[in-house]
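Peer 1: this is a predicted model, with the sequence first.
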Amino acid sequence: MTANFLLDRIVRKGLTLMKKVQHDQGKSDSVPIEVYKNRCLGYIERVNELKYLKPADIEEAKKKLFNVYFFLQSVSGPERQTPHQTEVSIEVVSKALNKAVADEYTKKRHGLGYVAARGLTLTEEVGEPINHYFRKVKPAACYTLNINDFNYKPKMPEPKQTIEEWRDEMSKQKQQVLNNYASKLPRL
């Protein structure tokens, strides 16, 4: 089509809507057609916002997207209403939204379900917030140490025994054990 990646991507998304409709009809015999139509119109609006491209490329992309929109209008069959995909205008929920924002501002929940009123005095929230469950740790004092203040003498590693020294040591230990328990051991 064109060399513009964004325009190609928008057109591909629009063409994918036709595949989604066919998939939904084959899978569940119902289609959320209004949602798909709104997406297609959103893609057309997005193409209209692209002003830096050639007018011929924009017209070709809009032509393809309008063909997708006309295909979506011609789809017959039961329409599926999906509550999480329906669009709700802001005017419908503006009062509830304003009330929720005001309630959240005036209330602050504390532990165990208690609610405290906030924002009622002018001195509130002045200064650093206080966390009653955490105390700041004061920085440790800095000391300078002199190596001469300590009586440190490094230990020298002990030399390993040779085989002869080990045999002599073992024979001494055997003799001591036999001498200690000689009276206790019965003679054979």
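Peer 2: Structure received.
Peer 1: C-alpha coordinates for stretch 41-54, CSV please?
Peer 2: C-alpha atoms of stretch 41-54 as CSV (Å, rounded to 0.1, in the frame of the first residue of the first chain):
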residue,chain,number,x,y,z
LEU,A,41,-15.1,4.6,12.9
GLY,A,42,-12.3,5.3,15.4
TYR,A,43,-9.8,4.0,12.9
ILE,A,44,-11.3,6.3,10.2
GLU,A,45,-11.0,9.3,12.5
ARG,A,46,-7.4,8.4,13.2
VAL,A,47,-6.6,8.3,9.5
ASN,A,48,-8.3,11.8,9.1
GLU,A,49,-5.9,13.1,11.8
LEU,A,50,-2.8,12.2,9.8
LYS,A,51,-2.1,15.4,7.9
TYR,A,52,1.5,14.9,6.9
LEU,A,53,0.8,12.1,4.4
LYS,A,54,0.0,12.2,0.7
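Peer 1: contact partners of that stretch?
Peer 2: For stretch 41-54, the external contacting residues (Cβ atoms under 8 Å, 6 or more residues apart in numbering) are 2, 4, 6-7, 10-11, 13-14, 58, 61-62, 65-66, 69. To be clear about C-beta, it is placed using only N, CA and C from the backbone, and glycine gets the same treatment.
Peer 1: what is the lowest-pLDDT residue among the residues you listed?
Peer 2: Least confident by pLDDT among those: that is residue 2, with 52.
Peer 1: now do the helices in the chain.
Peer 2: Along the chain, the segments classed as helices by DSSP state H run 5-28, 33-49, 55-74, 90-106, 163-180.
Peer 1: in the longest one, what counts as buried?
Peer 2: Of the residues in helix 5-28, those buried by neighbour count under the rule 16 or more other Cβ atoms under 10 Å are 7, 10-11, 13-14, 17-18, 21, 24.
Peer 1: repeat that for the second one.
Peer 2: Going by neighbour count (16+ other Cβ under 10 Å), the buried part of helix 33-49 is 33-37, 39-40, 43-44, 46-47.
Peer 1: which one among those gets closest to residue 73?
Peer 2: Closest approach to residue 73 among those (Cβ to Cβ): residue 37, at 7.2 Å.
Peer 1: show me where pLDDT drops low in the chain?
Peer 2: Counting by pLDDT under 70, the ranges of the chain that qualify are 1-3, 81-92, 98, 100-127, 152, 183, 185-188.
Peer 1: what's the spacing between residue 17 and residue 26?
Peer 2: Distance of residue 17 to residue 26, computed by Cβ to Cβ, to the nearest Å: 15 Å.
Peer 1: cool, thanks, signing off.
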